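Student: got a predicted structure plus its sequence, pasted below:
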Amino acid sequence: MIPAYLLWLIAMLTAFRKSDQRSSTFVRVLKTTGLIILLGLAVFFPSILPVFKLPQTTGPFAVGTMDILLELDREEIITEDTTDARRFMIKVWYPSKEADGKEDPYIDKAGRDGFAQKYGLPPSFLYYLDKIKTNVYRNTQIADETFPVLVFSHGYNSKANGYYALLKEIVSHGYIIFAINHTYESTGATFPDGTQKYFDYEYAGKIEAGTWDIMMPVIEVFESELSFEERHPTVREGLTTYYVRDIVERWAVDILDVVNELDEWNRSGFFEGRLDLSNIGVFGHSRGGGAAGESLLVGNRIKAGANIDGDQWGQIVDTVFQKPFLFLSADYPEDHQNLNQHAYINKSNSFFYEATVAQSGHSNFMDIPYMIPVRALSQAGSINPDLAIEITGKVITSFFDKHLKNKKIDLDSLNSEYEMLEVIIYKGDSIN
């Protein structure tokens, strides 16, 4: 397949040759300059947007996937239509008997177009994503076992497909993941009737407007010489009143809606008898990580939760987790504005884990470093992308293996397995 930008370049060269004889010297110089720029782009974009290979999964299971539409009877507050009800797509990843059937495309049109809009790229520049092999198969037969359930929440203006490498790795070790696509706050979603919904930039701007005054004092106390104790009241005020708190709480409701539907999905249909509903976990990345933490705090059926590099906005600063919780962080400078140091001041009455992946950036927990292998653009660290996904997958599966599968695992042992990983374990009052 010839990329659209290359066809455009050929067309421009042809047009230039036809009109060059009739043009003035000045116009010819302008055209030549423009064509040099276009030629540069034709060389540049394929180099930064290459067809990449996702890492191989390491678990014993092949991976299947399917999509579910969840329609609810509560109001959709993002749209202006007061009759709209909340609905969102869920991408389910599950252990399958064998790797066969129709391969799942890496990304759909809505996701690709939304991603292009987010990064200011023409959609045609992302057609190469259609060539990515996933080795995940749609609607293939589920394995003959019962598996713990994980609910996943993506980052703001992202979607589940952006975490393909990580999610399929976790599933290969025996988990069923229900990955939510938070409508209007993901890059894009395609519904069964063919309609597509994209990130609502107008709504995002509206809810953010006028709220910066809440965060300015927080920034100022971090830039000051104040001690942790002296700045804590100001940071606490920001964590509990900044507009992002509302997003985290709203997404946590989406998570709990999925948890509430699990009984019905386990009772009949494709997942009949396959969901271990006594062992439900939640996790997410970035803003979705904060939503996972919030849902663990308020969801009675959720046994353990993990936040991958997300700020924990909301009420946790004033209370404490009663269940095992993992916070997995990128490698930030020591003087960065560490909101979670304040948010997680009380840790957990159960196990609380703080893990850091050295030389990683915020995007190293997703597929962005593969899609855009230029660190200045991708917000990735210097760590090898495959190693970052390997470490992240190992930490997440080890955490849930211990707290959902009751395996005798000491997460502290991961420190000796990976020199680029640091895991610190805190044991709450409920731990003997």
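Tutor: Great, that's in hand.

Student: list the contacts of the residue nearest to residue 173 when sequence neighbours are not counted.
Tutor: Residue nearest to residue 173 in three dimensions, not counting chain neighbours: residue 59, with 3.7 Å by C-beta to C-beta, 6 or more residues apart in numbering. Bear in mind the C-beta positions are built from the backbone N, C-alpha and C, glycine included. Listed by C-beta atoms under 8 Å, 6 or more residues apart in numbering, the contact set of residue 59 reads 95, 169, 171-174, 397.

Student: just the closest of those residues to residue 228, please.
Tutor: residue 397 (33.1 Å; C-beta to C-beta).

Student: surely the closest one touches residue 173?
Tutor: Yes: look at residue 397 against residue 173 with C-beta atoms under 8 Å: they come within range, at 4.9 Å.

Student: tell me where the longest strand sits in the chain.
Tutor: Longest strand in the chain by number of residues, with DSSP state E as the criterion: strand 62-75.

Student: buried stuff in that strand?
Tutor: 62-68, 70 (16 or more other C-beta atoms under 10 Å).

Student: got it, and stretch 98-115?
Tutor: For stretch 98-115, the neighbour count (16+ other C-beta under 10 Å) marks 104-108, 110-115 as buried.

Student: centre of the chain versus it, how much separation?
Tutor: Its chain's C-alpha centre and that of stretch 98-115 lie 16 Å apart, by C-alpha atoms, centre = their mean, to the nearest Å.

Student: can you give me the helices for the stretch 1-150 of the chain?
Tutor: 4-20, 25-48, 109-119 (DSSP state H, counting those that start in this stretch).

Student: just the stretch 251-400 of the chain next, same as before
Tutor: Using DSSP H, counting those that start in this stretch, helices in the stretch 251-400 of the chain cover 287-298, 339-343, 368-371, 375-378, 385-403.

Student: pick out the shakiest of these, pLDDT-wise.
Tutor: Note on the helices of the stretch 251-400 of the chain: helix 375-378 shows the lowest mean pLDDT, a mean of 82.

Student: quick one: list the elements packing against that helix.
Tutor: helix 368-371 (3 or more C-beta pairs under 8 Å, 6 or more residues apart in numbering; DSSP states H and E).

Student: what is the helix it packs on packed up against?
Tutor: Here helix 368-371 touches helix 375-378, helix 385-403, going by 3+ C-beta pairs under 8 Å, 6+ apart.

Student: can we see that at 10 Å?
Tutor: helix 109-119, helix 164-171, helix 375-378, helix 385-403 (3 or more C-beta pairs under 10 Å, 6 or more residues apart in numbering; DSSP states H and E).

Student: quick revisit: adding distance to residue 146, write the buried residues of strand 62-75 out as TSV.
Tutor: Shown next, in TSV, are those (distance: C-beta to C-beta, whole Å):
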residue	distance to residue 146
62	17
63	17
64	16
65	19
66	18
67	22
68	19
70	22
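
Student: between those residues, which is nearest residue 290?
Tutor: Checking these against residue 290 with C-beta to C-beta, the nearest one is residue 70 at 21.0 Å.

Student: distance check, the closest one against residue 250.
Tutor: 15 Å (C-beta to C-beta, to the nearest Å).

Student: okay, now residue 366: neighbour count?
Tutor: Residue 366 is flanked by 29 other residues according to other C-beta atoms under 10 Å.

Student: for residue 163, give me the pLDDT.
Tutor: 97.

Student: got the contact list for the residue nearest to it when sequence neighbours are not counted?
Tutor: Leaving out its chain neighbours, the residue that sits closest to residue 163 by C-beta to C-beta, 6+ apart is residue 366, at 4.9 Å. Residues in contact with residue 366, defined by C-beta atoms under 10 Å, 6 or more residues apart in numbering, are 154-155, 158, 161-167, 285-286, 308-309, 378, 380, 385, 388-389, 392.

Student: 8 Å instead?
Tutor: By C-beta under 8 Å, 6+ apart, the residues touching residue 366 are 155, 158, 162-163, 165-166, 285.

Student: most centrally placed residue in the chain?
Tutor: Residue closest to the average C-alpha location in the chain (C-alpha atoms, centre = their mean): residue 154, at 3.5 Å.

Student: how far away is that one from residue 65?
Tutor: In terms of C-beta to C-beta, residue 154 sits 15 Å off from residue 65.

Student: how close does residue 71 sit to residue 271?
Tutor: Using C-beta to C-beta, one obtains 18 Å as the distance from residue 71 to residue 271.

Student: now do the contacts for the closest residue to residue 52 other than its chain neighbours.
Tutor: In this structure, residue 52 finds its nearest non-sequential neighbour in residue 370, 4.3 Å apart by C-beta to C-beta, 6+ apart. Residue 370 is in contact with 52, 54, 165, 385, counting by C-beta under 8 Å, 6+ apart.

Student: residue 110 contacts residue 195, correct?
Tutor: No: with contact defined as C-beta under 8 Å, residue 110 does not reach residue 195; the gap is 9.3 Å.

Student: quick check: can you list the domain ranges of this protein?
Tutor: With domains defined by automatic domain parsing, the chain comprises 4-46, 54-427.

Student: which one of the ones you listed is the most hemmed in?
Tutor: Most buried of the domains of the chain, by mean neighbour count (mean count of other C-beta atoms under 10 Å): domain 54-427, with a mean of 19.

Student: how much space between residue 140 and residue 56?
Tutor: 18 Å.

Student: likewise residue 128?
Tutor: Distance of residue 128 to residue 56, given as C-beta to C-beta: 21 Å.

Student: try residue 346
Tutor: 40 Å.

Student: who's in contact with residue 87?
Tutor: By C-beta under 8 Å, 6+ apart, residue 87 lies in contact with 69-72, 76, 183, 191.

Student: so what pLDDT did residue 217 get?
Tutor: Residue 217 is assigned a pLDDT of 96 by the prediction.

Student: for it, give me its contacts.
Tutor: Contacts of residue 217 by C-beta under 8 Å, 6+ apart are 234, 237-238.

Student: and for residue 409?
Tutor: By C-beta under 8 Å, 6+ apart, the contact set of residue 409 is 398, 401-402.
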